[in-house]
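*Asks:* Structure for this input, please:
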Amino acid sequence: MRLSGSETILAVDDDPTMLELVAEVLNPLGYKVILANSGEEALEIAASHQNKIDLLLTDVMLPGMKGQELAKQMIATCPEVSVLFMSGYLCPSMARSDREKGFEAFLQKPFTPSSMLRKMRKLLD
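*Replies:* Residues are numbered from 1 along each chain as shown. Presented below is the predicted three-dimensional model:
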């Protein structure tokens, strides 16, 4: 499985360290990474972004708008976007694929860069 790519990833987390890690892993592999620290900021970025956003990588527990609501709003305006949730909390209901509820995949924190990349590629390919 190839782990590199050229897709655009919108990463959303209120932890700046997590966003830095995501950017450090993805940028050298060719991904275009856009960072946001809240759901509201992510929606503003998506609305003004000129190109397609291929993947929304979002924390479940965000201040204000939660990750599920962000995903639902993103899918409503960008139906082709794939969604990968991440959380340090156990979210068993999110572990299965369910596009109607606004999510597709789940990544348990802490995770390794390779596990994140494998989940991403599964969604993007």
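*Asks:* All the helices of the chain, in order from the start?
*Replies:* 16-26, 39-48, 67-77, 113-124 (DSSP state H).
*Asks:* winner for burial among those?
*Replies:* Greatest average neighbour count among the helices of the chain goes to helix 67-77 (a mean of 19), per mean count of other Cβ atoms under 10 Å. Where C-beta positions appear, they are placed from N, C-alpha and C, glycine not excepted.
*Asks:* residues in contact with it?
*Replies:* 10, 12, 39, 42-43, 46-47, 53, 56, 58-62, 81, 83, 85, 87, 99, 101-103 (Cβ atoms under 8 Å, 6 or more residues apart in numbering).
*Asks:* For this structure, which helix or strand comes out least confident on mean pLDDT?
*Replies:* Of all helical and strand segments in the chain, the minimum by mean pLDDT, DSSP states H and E falls on strand 105-108, at a mean of 86.
*Asks:* Now do the contacts for the residue positioned nearest the centre of the chain.
*Replies:* Closest residue to the average C-alpha location of the chain: L57 at 0.6 Å, with Cα atoms, centre = their mean. Contact partners of L57, counting by Cβ under 8 Å, 6+ apart, are I9, L10, A11, V12, V22, L84, M86, M116, M120.
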